[in-house]
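Enquirer: one predicted model, sequence on top.
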Amino acid sequence: MLNMFGPGSYVLTAIFAPIIGAVVVFIVGALSGKEKLVAWLSVAIAAVSLLACLRLIPYVIHGGKVTLEYPLSPVIGFSFTVLVDPLSVVFAVTISLVSFLSLVYAVGYMEHADMVYAFYAHTLLFIAGMVGTVFASNLLLFYVFWELMCIPPVFMIFYWGETLEARRIALKFFVFTHVGALSILLGILGLYTMYGTFELLEMAKNTSILLANKTLAYVTFALLFVGFGVKMATFPLHNWLPDAHAEAPTPISCMLSGVMIKCGAYALARFAITLFKGVYPAFSTAFTIIAVITMVYGGLMAMAQTDIKRLLAFSSISQIGYIFFGLAIGTWLAVVAAVFHVINHALFKAMLFMCAGAVRHQTGTRDLTVLRGLAKRMPITALVFTIGGLAIAGTPPFNGFVSEFLLFTSGIKAGVYIPTLIAILTTIITAAYYLWVLLRAFFKETPANLAKVKEVTPVMYVPMFILAVLCVIIGVYPAPVVNLLAKVPGIV
């Protein structure tokens with residue numbers, strides 16, 4: 001019997017509250033037409049999922065990990081098997097926190113959108129897909145949630161996109177993500193061919209099977225990496241990201257850039273830590289090179305943008321390079337640093353997208369060539385963007401400094417000196433383009449056409465201010481987060 005107040009009930013709540021809530025929100029919205037009601041109902045449902053994820057933290061602090069299995073179809077090996085451990089809980093809390101604050105922000109941002117109840121229903125399904133992905137331990141269940149994560153953004157970009165290019169970009173997003181998903185499915189089938197089970201933890205008990213089938217093991221891991229790499233948007237699998245993240249309605253941009261792409265990093269870390277430790281060293285050098293190219297390419301492309309959301313999108317590619325850099329090294333410290341940067345990037349990138357959305361919401365444009373002097377008109381947005389820019393550039397005492405310092409330290413300890421030096425120098429590029437945005441859009445003279453611009457309403461600036469406060473708190477006092485992450489094992 002399921003303990004009502006045990007980890008199993010919290011996992012089920014975290015996943016199924018948004019799924020059931022999506023159905024309720026859609027029906028209530030369609031029948032009542034009350035947009036504010038469905039907006040705040042969606043926020044409440046996301047809050048329930050967040051609280052359920054938070055309640056799992058004590059279990060992983062004191063107990064290490066909990067595995068729960070509910071057989072669904074034993075004939076084909078399909079079961080609802082979830083793994084509650086430090087890695088899954090850290091990602092689930094990050095996903096649910098950013099998603100909750102993005103939904104609060106959406107109450108103001110999507111106020112005049114068409115069929116807003118459908119938007120919130122899709123968003124809740126999106127949340128369920130991401131949370132389910134990081135908890136799933138049965139590989140068929142993992143794939144089901146992966147697809148649930150991939151599909152809702154297609155419709156949200158298609159229907160609520162911000163330009164006339166929305167349909168083309170939605171199709172592009174669909175093609176890229178499902179080519180990646182197909183690659184993952186082939187990788188899962190490769191594992192099943194070797195093990196005869198879809199249970200990841202059962203496979204982990206006998207990793208010698210991989211070593212006895214090295215060629216198939218290498219091919220399988222390569223297929224999985226392609227799928228995870230598409231989701232992370234590592235070079236050269238990144239092409240979908242700038243268009244999709246810029247085109248999506250801003251609350252969804254916050255989630256796409258803040259947390260969805262991190263599900264690829266989670267999956268890579270999970271499979272590498274649990275199963276592919278013996279295979280991983282053969283890929284480490286190539287992964288390090290890809291990581292460095294990704295961070296430099298993303299940074300240089302961000303410098304060339306005049307659309308503030310596209311700039312932030314390319315910035316996400318660069319930051320994923322840092323996360324992938326830590327995973328590529330694979331030592332315990334590097335993995336801890338990479339996961340820490342996942343958390344930090346989720347916070348400040350969601351916050352920066354909220355600022356960009358606030359600017360567009362109030363001025364009607366994302367064009368940095370026409371935006372000027374907004375600090376006088378939108379002081380809270382300007383302050384939050386400044387904090388976000390300093391945090392992402394790795395400036396103390398903000399959170400980005402701590403995780404980047406740990407990443408660079410892990411690189412030096414691992415002896416990858418040149419890639420580490422390039423990573424350090426890339427922070428200068430990051431600082432340069434955020435300083436350019438700040439000076440250009442916020443701190444020059446306000447032109448006449450922007451003289452009447454006002455700050456966004458509290459429902460939009462409170463979420464981004466909360467994220468800014470978290471960036472400061474974690475930067476000043478990172479110990480609680482680091483102590484939890486210390487329980488995450490290394491890959492090599």
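Expert: Happy to help now that I have it.

Enquirer: so for stretch 9-22, mean pLDDT?
Expert: Here stretch 9-22 scores 95 as its mean pLDDT.

Enquirer: wait, stretch 243-259
Expert: Across stretch 243-259, pLDDT averages out at 93.

Enquirer: what's the distance between that stretch and the middle of its chain?
Expert: A distance of 10 Å separates the C-alpha centroid of stretch 243-259 from that of its chain, computed with Cα atoms, centre = their mean, to the nearest Å.

Enquirer: got the CA positions of that stretch in CSV?
Expert: What follows is stretch 243-259, C-alpha atoms only, in CSV (Å, rounded to 0.1, in the frame of the first residue of the first chain):
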residue,chain,number,x,y,z
ASP,A,243,14.6,30.2,-33.4
ALA,A,244,12.5,28.2,-30.9
HIS,A,245,13.5,30.1,-27.8
ALA,A,246,13.1,33.5,-29.4
GLU,A,247,9.8,32.6,-31.0
ALA,A,248,8.1,31.0,-28.1
PRO,A,249,5.9,33.1,-25.8
THR,A,250,8.3,34.4,-23.1
PRO,A,251,7.0,32.3,-20.2
ILE,A,252,7.7,29.2,-22.3
SER,A,253,11.1,30.7,-23.4
CYS,A,254,11.9,30.8,-19.7
MET,A,255,11.1,27.1,-19.4
LEU,A,256,12.7,26.0,-22.7
SER,A,257,16.0,27.8,-21.9
GLY,A,258,15.9,27.6,-18.2
VAL,A,259,15.0,23.9,-17.7
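
Enquirer: tell me where the protein has strands.
Expert: For the chain, applying DSSP state E gives strands covering 66-73, 78-84.

Enquirer: now do Leu2, the pLDDT please.
Expert: As predicted, Leu2 sits at a pLDDT of 51.

Enquirer: kindly report the same for Glu111.
Expert: With respect to pLDDT, Glu111 scores 88.

Enquirer: so how far is Glu35 from it?
Expert: As defined by Cβ to Cβ, to the nearest Å, Glu111 lies at a distance of 7 Å from Glu35. In short, each C-beta sits where N, CA and C put it, glycine included.

Enquirer: count of neighbours near Arg310?
Expert: Taking other Cβ atoms under 10 Å as the neighbour definition, Arg310 ends up with a count of 21.

Enquirer: and it, what pLDDT?
Expert: pLDDT, read off for Arg310, is 95.

Enquirer: pLDDT weak spots in the protein?
Expert: Applying pLDDT under 70 to the chain flags residues 1-5, 63-64, 492.

Enquirer: pick out the residue nearest the middle of it.
Expert: In the chain, the C-alpha closest to the average C-alpha coordinate belongs to Val259, at a distance of 1.6 Å (Cα atoms, centre = their mean).

Enquirer: quick check: that residue touching Val98?
Expert: Yes - Val259 lies in contact with Val98 (Cβ atoms under 8 Å); the separation is 4.9 Å.

Enquirer: list residues touching both of these two?
Expert: Contact with both Val259 and Val98 is made by residues 346, 350, according to Cβ atoms under 8 Å, 6 or more residues apart in numbering.

Enquirer: who's more crowded, Glu111 and Glu35?
Expert: When Glu111 is set against Glu35 and neighbours are counted by other Cβ under 10 Å, the residue ahead is Glu35, at 19 against 15.

Enquirer: skip the chain neighbours and tell me the closest residue to the more buried one.
Expert: Of all residues beyond its chain neighbours, the one nearest Glu35 is Val116 (4.9 Å), with distances taken as Cβ to Cβ, 6 or more residues apart in numbering.

Enquirer: what sits against that neighbour?
Expert: 29, 35, 38-39, 110.

Enquirer: try 10 Å this time
Expert: Residues counted as contacts of Val116 (Cβ atoms under 10 Å, 6 or more residues apart in numbering) are 25, 29, 33, 35-36, 38-39, 42, 106-107, 110, 160.

Enquirer: for Ala113, same thing?
Expert: Each residue near Ala113 by Cβ under 10 Å, 6+ apart is listed here: 35, 106, 119, 159-160, 249.

Enquirer: go on, Ser410?
Expert: The neighbourhood of Ser410, defined by Cβ under 10 Å, 6+ apart, consists of 325-326, 329-338, 416, 420, 490.

Enquirer: show me just the buried residues among these.
Expert: Judged by neighbour count, with 16 or more other Cβ atoms under 10 Å as the criterion, the buried members of those are 325-326, 329-331, 333-338, 416, 420, 490.

Enquirer: out of the residues you listed, flag the one nearest to Gly278.
Expert: Nearest to Gly278, judged by Cβ to Cβ, of the buried ones among the contacts of Ser410 is Gly330 at 12.2 Å.

Enquirer: surely that closest one meets Val279?
Expert: No - taking contacts as Cβ atoms under 10 Å, Gly330 lies outside contact range of Val279: 11.5 Å.

Enquirer: list the residues that contact both of those two?
Expert: Shared contacts of Gly330 and Val279 (Cβ under 10 Å, 6+ apart): Ala272.

Enquirer: for stretch 407-416, buried residues please.
Expert: Neighbour-count burial for stretch 407-416, with 16+ other Cβ under 10 Å as criterion, is recorded at 407-408, 410-411, 414, 416.

Enquirer: swap that for stretch 177-190, sorry
Expert: Applying a neighbour-count criterion of 16+ other Cβ under 10 Å, the buried positions in stretch 177-190 are 177-178, 180-181, 183-185, 187-188, 190.

Enquirer: contacting residues for the closest residue to Val481 other than its chain neighbours?
Expert: Take Val481 and drop its neighbours on the chain: the residue closest to it by Cβ to Cβ, 6+ apart is Ile474, 6.0 Å away. Applying Cβ under 10 Å, 6+ apart to Ile474 gives the contacts 340, 343-344, 347, 391, 397-400, 402-403, 480-482.

Enquirer: between those, which is nearest Val82?
Expert: Comparing these against Val82 with Cβ to Cβ picks out Ile343 as the nearest, at 20.9 Å.

Enquirer: so that closest one sits against Asn399, correct?
Expert: Yes - under the criterion of Cβ under 10 Å, Ile343 lies in contact with Asn399, with a separation of 7.9 Å.

Enquirer: residues near Val462, how many?
Expert: When counting by other Cβ under 10 Å, one arrives at 16 neighbours for Val462.
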